[in-house]
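>>> sequence plus predicted model, see below.
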Amino acid sequence: DILVDGKVCDCDVVVTCQVGDPVPLQVKLTNWSKHSVGPFALTMMPYQDYQNGVHNYDLQDAVTFVGSNTFYIDTVKPTKDSVYFGSLLFLYTGDFYLNIKFHEDNCSRELPLSWLCLPSVHIRATEPVA
């Protein structure tokens, strides 16, 4: 589950926020399997989609995280969940997307790391209301 500014998000919803106001993020990972899972790293990466196949991830002058954009998850037991909180701060107006990835954080494996990507969240940053 993904909440942006307290609203549940999916790939069909555009969340509107104001430039200069911190936007609270909440990501909840629920383990519906019969086995414990982990360790994982949860990474959130904002980007702009130029609608021509190019994604711009170089947004340090437009978007910043309040806190970290990566969270480490040790283990999630069956039928339990783990919730992570963060905030984004938009410095300019525009349409932005948030790429959210979970990946295995186990360096003892010989196989490539596996990734679980959630649908991107669409956030529209607008001018503050005067």
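Okay, I see it.
>>> nearest residue to Gly86 other than its sequence neighbours?
Across the structure, with C-beta to C-beta, 6 or more residues apart in numbering as the measure, the residue nearest Gly86 apart from its sequence neighbours is Leu25 (4.7 Å). Placement of C-beta: from N, CA and C, glycine included.
>>> can you tell me which residues contact the one you found?
Listed by C-beta atoms under 8 Å, 6 or more residues apart in numbering, the contact partners of Leu25 are Ile2, Leu3, Val4, Met44, Phe85, Gly86, Ser87, Leu88, Leu98.
>>> state the number of residues packed around the first one.
Each residue near Ile2 was counted by other C-beta atoms under 10 Å, and the total is 20.
>>> what do you get for the second one?
Residue neighbour count, defined by other C-beta under 10 Å, stands at 17 for Leu3.
>>> oh, and call the first residue 52 from now on, that's how I've got it
Sounds good: first residue 52 from here, last item Leu54.
>>> what helix or strand does it sit in?
Assessed by DSSP states H and E, Leu54 sits inside strand 53-55.
>>> now do that strand: distance to the chain's middle.
8 Å (C-alpha atoms, centre = their mean, to the nearest Å).
>>> sheet-wise, list the partners of that strand with their directions.
Sheet partners assigned to strand 53-55 using DSSP bridges are listed as strand 58-59 (antiparallel), strand 74-81 (antiparallel).
>>> which residues touch the helix or strand following the longest one?
Beyond strand 74-81 in the direction of the C-terminus, DSSP H and E gives the next helix or strand as strand 91-100. With contact meaning C-beta under 8 Å, 6+ apart, strand 91-100 is reached by 76, 78, 80, 106-108, 110, 113-114, 116, 120-124, 127, 135, 137, 139, 145-156, 174.
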